[in-house]
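[1] sequence first, predicted model second:
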Amino acid sequence: MKLECVREQLTEAVSITERIAKRHPTLPILNYLLLSVKNNSLVIRSTNLELGIEATIPVKATSEGIVAVPAEILLNTLINTYNTSVSLEVKGNTFSLKTPTSETLITTVSPDDFPTLPTITTKPLRFNEGDFLKGIKSVWYSASLSTVKPELGSVYVYPEGNKLVFVATDSFRLAERIIPTKQPYEFKPFLLPVRAVPEVLRVLERTRGDMTVRVGEHQISFIFNDLYLTSRTVEGTFPDYRQIIPKEKATEVVLLKQDLLLIFKKAMVFSGKFNQVGITVYPKKKQFIISAKSDIGETTDTVTAAIMGEDVTINFNLKYLTDCFQAITGDSVSLTFNGSGKPMVIRDVSDTSFLYLVMPMNR
């Protein structure tokens, strides 16, 4: 293998793929990047057996080949190399990275044991990258971090006519985002594991336009111009969550998002080890009260809001309440209640495509 390429392009490709390469006690090859050169293209691959990624950049190759190079060492070398172009060459088990002013030699290993990435042959689906990114980011924080119920540690994605629906829940709260599409989609609903989401988001955030998605039996792939990302999907059945979303409301409060967030931030200081905050609504008095109390003290705020319905007093985990605001872009939010002991629903007043449901605390 011998080639020349632009250092900036190579550094970006290695940076994207290096994050997936992790230390593995029984499979040390997973600490490496697989570099292969063919037809003046350099393909850089990494995998942790659950996620896999390939990045492709154009190069000027004088000979083709394949090599496995330590991921972290290669990235650190490139980050601290300042020339515009670099030359790469493999001689025996040594990988050479040259610039006009420097040369770095890195010991390689045999690429024979490097895992292949799965190829999914199902019907390709064209999605807008921005829509998919918005759907995932709106809900993934609500997924469970526990591995006891893998289906709850996932983002559930399914088609519904001319809409894509993204849902996540840990059984204490639930987030749903509905994305309108220009055309109806037909594909098998899938569960994307939450541990794969950060890398999927990172790739989506660096791209623009459309992408190709293929949904297989146990795998999903995302294909861009210069990137191929694949992930395992979770086996299991997502709960029938629609049955727990209240169809009616006994009490509704509409107020400015920033006013609510400011009070929540203060309440967090006094919410104690259980992050408990109390909400009391008196529609006749037009009072919406937020309070928190712990060993260090207590705080109470009455917020200006539009209120209708019945009186209600209820406690929530404050962290769960604040998590959803990253998905709300409007100026005002709606909080609806159906009495004590029942879930609260938070919506963006200006965008009904997002719904967030929070279960109350018992104590």
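    Now that the structure is in, tell me what you want to look at. Numbering: from 1, shown residues only.

[2] show me where this protein has helices.
    For the chain, the helices defined by DSSP state H cover 7-18, 71-79, 129-139, 197-205, 257-269, 318-323.

[3] need the ones you listed in CSV (columns: distance to Val333 and mean pLDDT).
    Every C-beta, even on glycine, is put in place using the N, C-alpha and C of the backbone. Listed next are those as CSV, based on distance: least, C-beta to C-beta, whole Å; pLDDT from 0 to 100:
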stretch, distance to Val333, mean pLDDT
helix 7-18, 36, 95
helix 71-79, 42, 96
helix 129-139, 14, 94
helix 197-205, 24, 90
helix 257-269, 5, 95
helix 318-323, 11, 95
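
[4] the closest residue to Tyr185 other than its chain neighbours bridge partners, please.
    Distance criterion C-beta to C-beta, 6 or more residues apart in numbering; nearest residue to Tyr185, sequence neighbours excluded, is Pro159 at 4.1 Å. For Pro159, the beta-bridge partners under DSSP bridges are Leu164.

[5] can you check Val86 too?
    Counting by DSSP bridges, the residues bridging with Val86 are Cys5.

[6] now for Asp240, how many residues are close by?
    Other residues lying near Asp240 total 7 when counted by other C-beta atoms under 10 Å.

[7] just the pLDDT at it, thanks.
    We have a pLDDT of 95 for Asp240.

[8] mind listing what the residue positioned nearest the centre of the chain touches?
    Geometric centre of the chain, nearest residue: Val197, 3.5 Å, by C-alpha atoms, centre = their mean. Going by C-beta atoms under 8 Å, 6 or more residues apart in numbering, Val197 touches Ile136, Trp140, Ala143, Val155.

[9] show me the two of those residues that sit farthest apart.
    Spatial extent of the contacts of Val197 (C-beta to C-beta) is set by the pair Ile136 and Ala143 at 10.4 Å.

[10] against Pro115, how distant is the nearest residue to Leu30 once chain neighbours are set aside?
    Among residues not flanking Leu30 along the chain, His24 sits closest, at 4.3 Å (C-beta to C-beta, 6+ apart). The gap separating His24 from Pro115 is 11 Å, by C-beta to C-beta, to the nearest Å.

[11] and if you look at Lys319?
    Counting by C-beta to C-beta, the gap between Lys319 and Pro115 amounts to 38 Å.

[12] again with Pro58
    25 Å.

[13] isn't Ser350 up against Ile328?
    No: at 9.1 Å, Ser350 and Ile328 do not qualify as touching, with contact defined as C-beta atoms under 8 Å.

[14] which one of the two has more residues nearby?
    Neighbour totals were compared for Ser350 and Ile328, and Ile328 leads with 20 against 11 (other C-beta under 10 Å).

[15] name the nearest residue to the more buried one, sequence neighbours excluded.
    Asp348 (4.5 Å).

[16] so what's the one you found up against?
    Ala327, Ile328, Thr329, Gly330, Ser332, Val333, Ser334, Phe354.

[17] looking at the residue lying closest to Thr169 once chain neighbours are set aside now. What's its pLDDT?
    Excluding the flanking residues, the one nearest Thr169 by C-beta to C-beta, 6+ apart is Ser142, at 5.7 Å. pLDDT, Ser142: 97.

[18] also Glu217?
    89.

[19] quick revisit: OK, contacts around the residue nearest to Thr169?
    Going by C-beta under 8 Å, 6+ apart, Ser142 touches Ala168, Thr169, Asp170, Arg173, Leu174, Ala175, Asp323, Cys324, Tyr356.
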